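>>> From the sequence below, what's the structure:
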Amino acid sequence: MSKNYILEFNLSSYEALDEFALLADQKYNLGDKEDWFGNFRGGLFGLYARLKGVKIHFKAVHSWDSSIKTPNIIDYHLSSIFFNMDSAIECMVFALNALGYIVDSTKFIDITDEKKLRKIKPSNLIGSPPTYSQGFISGYDIYFPFLKKYWRESLDLLKIIFEQHNVSKHRSTIYRGGKMRDDPPFRFFEMLGIKDDKAKQILFTPMAEILLEPQLKVPISKRKPVKLEGIPRLEDVAERFCTFIDVSGTKALEDAKTRIKLNYNEFKK
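Residues are numbered from 1 along each chain as shown. As a prediction, the model looks like this:
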């Protein structure tokens, strides 16, 4: 992880997928029945917005600036990171469901039914907890098999994201500790007027590494000791998430172009 703590996402595959969906939306291809393209693009743009949120909060919790960084503030950024990660994944599924629906409405969730819209979720591809062996939507086996396979292979990462978000949203703080940075910018504390005040300096010192509780849903009294090397770190999860997003876009685009047949593969003039 570089010292600037800036996460990078390669969204070129999603932009290409958006262009493919727009081509599919044309009257001479699949058409825009039931405004499926609005659903697709709403999900896609939601994905973009959530990734922006991940980047903003990740950088904020690691950056030297004039803001105070109490445990509550750190937890705010940490829980916001996992909210945006989880929501980005949900938005991606919402977009792909819309594209799949216009191709084969019997194999995907009905985008015109308010109650059924609530069933659009990652479990459509990876299965429902705790066993992740059921709850699939059959359309992904037919139209997005490469993507589904990759998501199933990434279950350990997805479980961390879902669990951290779920607990921070419904139960409690998720910040447990970590390591602070020791590389303040030149004259940083002098400019804040706290050159010799170590107690105040800590309040303005950002995180270098944040440890994630590996037994988050286990009652505190029943949690077992875990060796340091067995504790996941936010920074590692964030890097894996960037890779997950990039590869998912590539897989989804490959699936769409090979599995979804259009009458015309180029825009008519």
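
>>> Please count neighbours and contacts with C-alpha atoms only from this point.
Noted.

>>> does V54 belong to a helix or a strand, and which?
Secondary structure assignment for V54, by DSSP states H and E: helix 36-62.

>>> Equivalent analysis for G135, please.
Counting by DSSP H and E, G135 is found in no helix or strand.

>>> Relative to K121, how far out is it?
In this structure, G135 lies at 10 Å from K121, with Cα to Cα, to the nearest Å as the measure.

>>> Of these two, which one has the most company?
Summary of the neighbour comparison: G135 and K121, criterion other Cα atoms under 10 Å, with K121 having more neighbours (21 against 15).

>>> surely D246 meets E8?
No: no contact is recorded between D246 and E8 when judged using Cα atoms under 8 Å, the distance being 9.6 Å.

>>> neighbour-wise, which of the two wins?
Shown here are D246 and E8; by other Cα under 10 Å, D246 has more neighbours (18 against 13).

>>> per-residue confidence at the closest residue to the more buried one other than its chain neighbours?
Of all residues beyond its chain neighbours, the one nearest D246 is N10 (5.6 Å), with distances taken as Cα to Cα, 6 or more residues apart in numbering. Looking at N10, its pLDDT is 97.

>>> Just the element for N10, please.
Using DSSP H and E, N10 sits within no helix or strand.

>>> Going along the chain, name the helices of this structure.
Along the chain, counting by DSSP state H, helices occupy 12-24, 36-62, 71-103, 114-117, 123-126, 139-143, 145-153, 155-170, 188-191, 198-203, 234-259.

>>> buried ones in the fourth one?
Going by neighbour count (16 or more other Cα atoms under 10 Å), nothing in helix 114-117 comes out as buried.

>>> what's A88 in contact with, if anything?
For A88, the contact set (Cα atoms under 8 Å, 6 or more residues apart in numbering) comprises G46, L47, Y48, A49, R50, L51.

>>> What separation do you get for the second one and K269?
What that stands for is L47. Between L47 and K269 the distance, using Cα to Cα, works out to 31 Å.

>>> So these two - more neighbours on which side?
A side-by-side neighbour count of L47 and K269, using other Cα under 10 Å, places L47 first with 26 against 3.

>>> for the more buried one, what are its contacts?
Residues in contact with L47 (Cα under 8 Å, 6+ apart) are S87, A88, I89, C91, M92.

>>> Swap in 7 Å and give it another go.
Applying Cα atoms under 7 Å, 6 or more residues apart in numbering, one finds that L47 lies in contact with A88, C91, M92.
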